[in-house]
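Asker: The following comprises the amino acid sequence and a computationally predicted model.
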Amino acid sequence: MRSIRDIMNERYTTKVFDSNKKISDEDFDQIESILELTPTSTNLQPLYFVIASNDESKARISKATQGQFEFNLKKIQNASHIIVFCSKCFVEDAHLQNVIEQEDADGRFLKPEFKDKVRQTREYFLNFHRFDLKDEAHWHAKQAYLSLGSVLMAAATLGIDTTAIEGFDSNALDNELKIRELGYTSQIILALGYKKENGDFNYTLPKSRLKKNLIIRKN
């Protein structure tokens, strides 16, 4: 069994995907479970995920990689699956209510009064970011990256290659997927699949990271 260190040492950012290799339904079901179970600050769950796995749906996403972002076009076209990580710009009362009612249905509140306390706490932090720090949208965006990290690790464990893509036209993608009308905006695209053997230069290069003593301090 591979260690976590071995898995992380082996994973890399894929530059060329093999369009003939597809992720099995069984493996991608596990990836979807990661999306479903992803942690978020105060369990606010301000995230939304769009998945593309066929040529037509990937072509829609690839519209966001035109012009200056064309260098990412082939990655999206040739990957097996694409996940667009989206986050709320503004959390509405209806979303807050949906979250807390789901928690109630799932038995999260040991006493009835805990339900109101949890809502008040969540509203406190939401208002803190909204009015004091004035970074609500950025706060929600950071949750998408928490989810991304989990998926990168899960994919590597399953032997699936990945590339996280920030080079795309978010406005074009939001309009194409019609997600702004749902209150979300795209943050990052993740391409998943399998590298093209003897075709991906990045796979042949050694991994390079700063020395451990430069990035980790034990007090």
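Answerer: Thanks, I have the structure now.
Asker: quick one, phi psi at Ile61?
Answerer: Main-chain dihedrals, Ile61, degrees, to the nearest 10: phi -70, psi -40.
Asker: how close does it get to Leu190?
Answerer: Going from Ile61 to Leu190 by C-beta to C-beta, to the nearest Å gives 11 Å. Every C-beta, even on glycine, is put in place using the N, C-alpha and C of the backbone.
Asker: Please apply the same query to Asp106.
Answerer: 27 Å.
Asker: Between the two, which is the more surrounded one?
Answerer: Leu190 (22 against 8; other C-beta atoms under 10 Å).
Asker: partners of the helix or strand where the more buried one lies in the sheet?
Answerer: Using DSSP states H and E, the element containing Leu190 is strand 184-193. Paired strands of strand 184-193, with direction, are strand 81-88 (antiparallel), strand 161-165 (antiparallel) (DSSP bridges).
Asker: Save the ones you listed as CSV, and put in mean neighbour count and distance to Ile215 too.
Answerer: Below are the strands paired with strand 184-193 laid out as CSV (neighbours: other C-beta atoms under 10 Å; distance: least, C-beta to C-beta, whole Å):
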stretch, mean neighbour count, distance to Ile215
strand 81-88, 25, 25
strand 161-165, 22, 20
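Asker: Take those and lay them out in TSV including distance to Gln45 and mean pLDDT.
Answerer: As requested, the strands paired with strand 184-193 are arranged in TSV below (distance: least, C-beta to C-beta, whole Å; pLDDT from 0 to 100):
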stretch	distance to Gln45	mean pLDDT
strand 81-88	9	98
strand 161-165	21	98
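Asker: closest to Thr38 out of those?
Answerer: strand 81-88 (9.6 Å; C-beta to C-beta).
Asker: Identify the residues contacting that closest one?
Answerer: Strand 81-88 is contacted by residues 23, 28, 31, 35, 46-53, 57-58, 61, 76, 95, 137, 140-141, 143-145, 147-148, 151, 173, 177, 179, 183-193 when judged by C-beta atoms under 8 Å, 6 or more residues apart in numbering.
Asker: Excluding chain neighbours, what is closest to Lys75?
Answerer: In this structure, Lys75 finds its nearest non-sequential neighbour in Ala191, 4.9 Å apart by C-beta to C-beta, 6 or more residues apart in numbering.
Asker: and that neighbour, how many neighbours?
Answerer: By the criterion of other C-beta under 10 Å, Ala191 has 26 neighbours.
Asker: Run a quick check on it versus Ile76, I expect a contact.
Answerer: Yes - counting by C-beta atoms under 8 Å, Ala191 sits close enough to Ile76 to count as a contact (6.0 Å).
Asker: Which neighbours do those two have in common?
Answerer: Common neighbours of Ala191 and Ile76 (C-beta under 8 Å, 6+ apart) are 82, 165.
Asker: Dump the C-alpha coordinates for stretch 100-116 into CSV.
Answerer: What follows is stretch 100-116, C-alpha atoms only, in CSV (Å, rounded to 0.1, in the frame of the first residue of the first chain):
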residue,chain,number,x,y,z
ILE,A,100,-29.9,24.7,8.9
GLU,A,101,-33.0,22.7,8.0
GLN,A,102,-30.8,20.0,6.5
GLU,A,103,-28.7,19.9,9.6
ASP,A,104,-31.9,19.5,11.6
ALA,A,105,-33.1,16.7,9.4
ASP,A,106,-29.7,15.0,9.8
GLY,A,107,-29.9,15.1,13.6
ARG,A,108,-27.2,17.7,14.2
PHE,A,109,-29.0,19.4,17.1
LEU,A,110,-29.0,17.5,20.3
LYS,A,111,-31.5,20.0,21.8
PRO,A,112,-34.1,22.2,20.0
GLU,A,113,-32.5,25.4,21.3
PHE,A,114,-29.2,24.5,19.7
LYS,A,115,-30.7,25.2,16.2
ASP,A,116,-31.2,28.9,16.9
